[in-house]
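# missing the sequence, but the structure's below:
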């Protein structure tokens, strides 16, 4: 698809192969839950990259892997599941434009449903997954596999996508993995377990859990170093020698 020169959101992609596809979206947020989960999914299940999205409002940042640059927002597909994975956070000022641009592009393909994956920071140690839907009719799809949020609010690009889907009468779901404010593969693994049940992915999360242990070990060492530095005597308290 050629970019529309009048638009600030540009999508370069071949069309989806199937009408009625399910579309999964993960953008950086609390714990990087959605980004980690979907990048892991597309890598492990060997999704095909079909396109990308760019905007003059995106931060000037490009990730690289083994010396090769990645476009910050990528479109993938396998069978009747599409995935949109981002490496960059979306500024609140352009969340509406990004959500609207994505949904405008998806509308001709008559998607079955949209799922946004994000993080929710709590003070609890569990890695629960909370769920929301755009209608009462859609709720049963996730009731058995998530904890339905009774009241509250969602912010960021996930909220804009869910709102846009509700306005367009598209069934959409928000999966919110319980997380901390740091990269959290364990919360991503919990979210993938919900996707496994929704789409029969049979995706093994053991490597993600091993990655979580490595990150937690590193964070523990950093915490100990910080505590050690805080308990060291100040310069003026040190004894003099010589």
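Received the coordinates, thanks. Predicted, not measured: the structure shown is a model, and the values here were computed from it.
# what's near enough to touch the residue nearest to residue 121 when sequence neighbours are not counted?
Distances taken as C-beta to C-beta, 6 or more residues apart in numbering put residue 30 closest to residue 121, at 5.1 Å, once the chain neighbours are dropped. (C-beta placed from N, C-alpha, C; glycine too.) Going by C-beta atoms under 8 Å, 6 or more residues apart in numbering, residue 30 touches 118, 119, 120, 121, 179, 181.
# measure residue 75 to residue 95 for me?
Note on residue 75: its distance to residue 95, by C-beta to C-beta, to the nearest Å, is 18 Å.
# more crowded one of the two?
Remark: of residue 75 and residue 95, residue 75 carries more neighbours, 24 against 20, as counted by other C-beta atoms under 10 Å.
# From what I see, residue 128 and residue 147 are in contact.
Yes. Counting by C-beta atoms under 8 Å, residue 128 does reach residue 147; the two are 5.6 Å apart.
# what about the strands in the chain?
Remark: strands assigned in the chain by DSSP state E are 9-13, 22-26, 48-55, 63-65, 68-70, 73-78, 81-86, 113-121, 129-133, 147-148, 172-179.
# Put together a markdown table for those, with mean pLDDT and distance to residue 191 on each row.
Below are the strands of the chain laid out as a markdown table (pLDDT from 0 to 100; distance: least, C-beta to C-beta, whole Å):
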| stretch | mean pLDDT | distance to residue 191 |
| --- | --- | --- |
| strand 9-13 | 93 | 25 |
| strand 22-26 | 98 | 9 |
| strand 48-55 | 95 | 21 |
| strand 63-65 | 79 | 21 |
| strand 68-70 | 87 | 22 |
| strand 73-78 | 97 | 17 |
| strand 81-86 | 97 | 13 |
| strand 113-121 | 95 | 5 |
| strand 129-133 | 96 | 6 |
| strand 147-148 | 94 | 13 |
| strand 172-179 | 95 | 4 |
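# Any chance of those in CSV with distance to residue 189 as columns?
What follows is those, written out as CSV (distance: least, C-beta to C-beta, whole Å):
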stretch, distance to residue 189
strand 9-13, 29
strand 22-26, 14
strand 48-55, 23
strand 63-65, 21
strand 68-70, 22
strand 73-78, 19
strand 81-86, 16
strand 113-121, 12
strand 129-133, 10
strand 147-148, 17
strand 172-179, 9
